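In: Here is the input, now give the coordinates:
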Amino acid sequence: MAEEGSALFSLCTVVFVQSKDLGEALIKEFSETVIKYGGEVLLPTRSGELPLMQVTHIIANSINFPDYTEATRQMIPVVKTNWITASLAKGKQAQIRPYTPDPRMIFSDVVLSCADIPSTDKDAIIGATMAMGGMESENITRLTTHICALSMDHEKCQQAVSKLKNCKIVLPHWFDDCFKLGKRIDEGPYLLPDPEYLRVNPEDPVRVPSSQHLEGATSARPEYLPSPPDVGVRPVLTVFKEKKVMLSADLSIRSRLKEIIQELINNGGGEMTDDVEACDWFICQYRDGPQYVLASQARKTVGNLSWLYYLITHNEWTKPTDRLLHYPVPRDGIPGFKDLRITVSNYGGEARIYLENLITAAGAKYTKTMKNDNTHLITARNISEKWDAAVDWGIERVNHFWIEESYAKCQKQEMKDKYHCFPPRTNLGEVIGQTPFDEERLRSIYFPGGRKTHTPPPKRKRKVLEIQEENSFPNGPAEGVTIGRQAHKEFDVMKDTDAEYAEKTTDVFGVPAPKRRATSEFATPAKGRHVRSGKENETPSTTSSNRSAKDKALNRLSILAPDVALYEKEKKRGLKDNHGPWGGKRAADLIEREHLNRRSVSSPSTITVDKEDAKAEKRPIKRARPTLPDVNMRVVLTGFQRWVNDKHREDADRKRLRDLGIAVVMDGQPCDYLVAPHLVRTVKFLRNLSKGATIVSSSWIEQCLDTKELLDPKDFILKDKENEKKFGIKLETSVRRARDNKGKLLWNTPIYCTANIKNGPLGYQAIAEANGAIFMMYGARSGSTIKPTKPEEDEGGPDPVYLLSNTSAEEKKLWKKFEEMAKKGNMEPRIVAADWLLDVVMTQQVSFDKKYLVENFFN
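Out: Below you'll find the predicted structure:
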């Protein structure tokens, strides 16, 4: 224990950050303690900013304060209040790392001692614990918080029971599960002497926990402004003090609500603005638009309406990227989630609402109940009826970390062990909502560019740079360090006189020129030896190596200098005897020409270029093949009589249509027009009607072929009053409904079909699946494909399930079995004639009449 009056904190200047669990009373108490032991305590500025230039430590029990990022950039330690108590207990300043509030350090307040653990496992547990912020203690001390043991027989466990009331004795399995998840789960099920982990059946129910991390962060688009907690009148919101807030137009909030928000901000000392460059906080709904990009690149604080409501409700600042639904959502979801259907199990309360909204924000489809067309089950435990059904149906089963990390990293994550980890006696809802955004991924995807720092370089950093600049050489680095070539006046060792050399040296380096040394003075200096007493194996200094290399180069240059000077002199001498090839400019020119000649002989490509060009000129010019016009219309033909039994005519007509910009495509491919002579109930007609294709008469194609012109298809819209009356539809209405349905008329409706149905099951399968139905075959040996469900377990009423069948004796045997299977799954069985499906698709409206039941239809 530190002695009273000692200078334990004499070198410390601290500032406290007030928060929910560090109130004014605690701050006052800890401040007196720091001052009592020689430290200094500073206060935040009026605007709430911390005096980062003056402090050595920041005392905060969370990282939810605006200056945290800048503090870490300046390497100012941020520690929790128990760092002060630990320092007092040790009588010296405690280490920083075990007391950081950084949530990534999940064992930051753990002091671990291992008991009867094998050495290899012990080393692994201690190493991982220390990597995640914990500390290891070989012996039991008052600071020990956890003992890892397999039983209570070890001496350490007995000592902890008798002396340390708050020390927890846990199984090594707790550490293993925490390491796998990357989160700290509750130690309760792992506590000795009677751990629930080993005692209770894993299938027994586990209490669904509540998560504090989801408070005010379950929805990205809240429907109303929450009331303040625990008080009747909303206090003055100091969180907005001296802040400028801008609300984006994409929030689509009512004018009355906007006035309320503006009043709250103004009363709290802030103000509203419409200038994105002037604002401090930018509130929007989506991660797009020029204002969002500009605010993000300028490092403004960007959040959504849910984040703003959180600030208003709790009057406490929090970083919007720390909670996934406090940040604007992607307008089109996360890549890879569009076609996923996800359901949830074993989560309750706010955790379930949070996952529903997170799944929707990611771009997937959330379903309350699970069917065999679901792609993923997100569950907090691997025990539930949905889990068993997912195993039977081959549906991917993961915990919530998969959807959270995919959303945080803006990319669908590949499966790994972490997503399949389900501790037996833990409901993972207790660690939900703790995943922050990957801010670098946000930047690279949604707002690349912009400056990379929140603020200009701090004064402390600028001061260091100024000192560094003052102490640096104005014309280059210290001797022996090479960072690039510098431009100086030309020095010519052979031409400059002593006066010229001295003048240039003084101009460039600012010092008088040293006296020139004779050539014989240049010599490589001998490497000095420095004898160190008592240190045999000390590594010798290498600072003289660059100096030695430079001296060698200068020595070599001095030896070559006379030859270089003689060459330059001969090169400038002109031709005097008019026939001597050596000496002067002629010699240099001759040598250069010989080099060029040798290069041209060795590279014959330049000689053959002209010949090839001449040959190319004699070649005849090929005519460009005529290109087909762009495809303007894609059509599907059904019931077209012109080509029946005439393959050659069909091929010729297809080419003519293609020349007009009309492509005849196969059924199933995207098409713009369906061509038919009249209303028919063929597979082609019904499939393409379901896509919302415009239906035109066959006479349009025939007249285009006859006139060899592209006629307007709108003039040939199919009209067939007789068959419309026959089928009880209006074609124009059916097409309009099909376009509204977008192929989802029978979405997720289960339709079974017998193998012996008239015309075969393949055509009905194509029609049903074109409208989004789930089509399956049903026979005598078909197993139960509907999950047994009790009525109280199903959130909705019984949904219908259909069986397309005839009235043959063989098929009648299947009816009872089908009805039993449907009723066990809390579904309503309907055994119908195939005409029910055809009429529903033809009208593009789901309806049911008992006349379609097989016992009525065929009688």
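
In: Please enumerate the strands of the stretch 301-450 of the chain.
Out: Secondary structure of the stretch 301-450 of the chain (DSSP state E, counting those that start in this stretch): strands at 301-303, 341-345, 365-366, 376-379, 396-398.

In: And those: which comes nearest residue 729?
Out: strand 365-366 (30.4 Å; CB to CB). C-betas here are computed from N, CA, C, even on glycine.

In: Give the partner strands of that closest one in its sheet and their orientations.
Out: In the sheet containing strand 365-366, its partner strands are strand 341-345 (parallel), by DSSP bridges.

In: How about residues contacting the partner strand?
Out: Residues external to strand 341-345 that are found in contact with it (CB atoms under 8 Å, 6 or more residues apart in numbering): 352, 355-356, 359, 364-370, 373-381, 384, 386-387, 403.

In: Likewise for stretch 211-228?
Out: Contacts for stretch 211-228 (CB under 8 Å, 6+ apart): 234-235, 257, 260-261, 285, 304-306, 309-310, 312-314, 323-326, 328-329, 350-351, 353-354, 357, 361, 429-434.

In: Now for residue 157: which residues touch it?
Out: If you count contacts by CB under 8 Å, 6+ apart, residue 157 has them with 115, 147, 149, 151, 169, 192.

In: That one falls within a helix, correct?
Out: Yes - looking at residue 157 with DSSP: H, G, I helix; E, B strand; the rest coil, it is inside a helix.

In: Just want to check the distance between it and residue 115.
Out: With distances taken as CB to CB, to the nearest Å, residue 157 is found 6 Å from residue 115.

In: Identify the contacts common to these two.
Out: Counting by CB under 8 Å, 6+ apart, the residues touching both residue 157 and residue 115 are 147, 149, 169.

In: quick one on the thing from earlier: narrow the contacts of stretch 211-228 to those that are buried.
Out: For those, a neighbour count by 16 or more other CB atoms under 10 Å gives the buried set as 261, 285, 304-306, 309-310, 312-314, 323-326, 328-329, 350-351, 354, 357, 361, 429-434.

In: Tell me which of those fall in helices.
Out: The helices in this structure, assigned by DSSP state H, contain 261, 305-306, 309-310, 312-314, 350-351, 354, 357, 361 from the buried ones among the contacts of stretch 211-228.

In: Let me know how buried the spatially closest residue to residue 372 that is not a sequence neighbour is, in neighbour terms.
Out: Take residue 372 and drop its neighbours on the chain: the residue closest to it by CB to CB, 6 or more residues apart in numbering is residue 393, 4.5 Å away. Other residues near residue 393 come to 15 when the count uses other CB atoms under 10 Å.

In: May I ask which of the shared contacts of residue 157 and residue 115 has the most neighbours?
Out: With neighbours taken as other CB under 10 Å, the top of the shared contacts of residue 157 and residue 115 is residue 147, carrying 26 neighbours.

In: ok, that one touching residue 172?
Out: No - under the contact definition of CB atoms under 8 Å, residue 147 does not touch residue 172, with a separation of 10.8 Å.

In: for the closest residue to residue 189 other than its chain neighbours, what are its contacts?
Out: Of all residues beyond its chain neighbours, the one nearest residue 189 is residue 425 (3.7 Å), with distances taken as CB to CB, 6+ apart. Applying CB under 8 Å, 6+ apart to residue 425 gives the contacts 189, 196-197, 200, 202, 206.

In: what's the answer for residue 149, then?
Out: Taking CB under 8 Å, 6+ apart as the criterion, residue 149 is in contact with 114-117, 156-157, 169-171, 192.

In: run the last query once more with 10 Å
Out: Residues touching residue 149, when contacts are defined by CB atoms under 10 Å, 6 or more residues apart in numbering, comprise 113-117, 156-157, 160, 169-172, 192-193.

In: Drop anything exposed from those.
Out: 113-115, 117, 156-157, 160, 169-172, 192.

In: And these, which two are furthest apart?
Out: The distance between the two most remote of these (CB to CB) is 16.1 Å, for 160 and 172.

In: quick revisit: from the contacts of residue 425, which ones fall inside strands?
Out: For the contacts of residue 425, membership in strands holds for none, with DSSP state E as the criterion.

In: What's the PyMOL syntax to select whichever of the residues you listed are buried?
Out: Here is the PyMOL command that selects the buried residues among those (16+ other CB under 10 Å):
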select buried, resi 189+197+206
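
In: Go through the contacts of residue 425 and flag which are in helices.
Out: Among those, the members falling in helices are 196-197 (criterion: DSSP H).

In: which pair in the contacts of residue 425 spans the largest distance?
Out: Longest span within the contacts of residue 425, CB to CB: 197 and 206, 11.6 Å.

In: Let me see the ranges of the strands in the stretch 551-700 of the chain.
Out: In order along the chain, the stretch 551-700 of the chain carries the following strands (DSSP E, counting those that start in this stretch): 633-637, 662-664, 673-676, 694-697.

In: Give the partner strands of the first one in its sheet and their orientations.
Out: To tie it back to what came earlier, the one meant is strand 633-637. Strand 633-637 pairs in its sheet with strand 662-664 (parallel), strand 673-676 (parallel), by DSSP bridges.

In: Make a markdown table out of those and add mean pLDDT and mean neighbour count.
Out: Below are the strands paired with strand 633-637 laid out as a markdown table (pLDDT from 0 to 100; neighbours: other CB atoms under 10 Å):
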| stretch | mean pLDDT | mean neighbour count |
| --- | --- | --- |
| strand 662-664 | 91 | 20 |
| strand 673-676 | 94 | 24 |
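
In: would you turn those strands into CSV with distance to residue 706?
Out: Compiled in CSV, the strands paired with strand 633-637 are given as follows (distance: least, CB to CB, whole Å):
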stretch, distance to residue 706
strand 662-664, 14
strand 673-676, 15
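
In: low pLDDT regions in the stretch 401-550 of the chain?
Out: 450-550 (pLDDT under 70).

In: pLDDT check: weakest of the ones in helices among the buried ones among the contacts of stretch 211-228?
Out: For these, the model is least confident at residue 314; its pLDDT is 85.

In: Which residue is the nearest non-sequential neighbour of that one?
Out: Across the structure, with CB to CB, 6+ apart as the measure, the residue nearest residue 314 apart from its sequence neighbours is residue 216 (6.9 Å).

In: Alright, that wraps it up for me.
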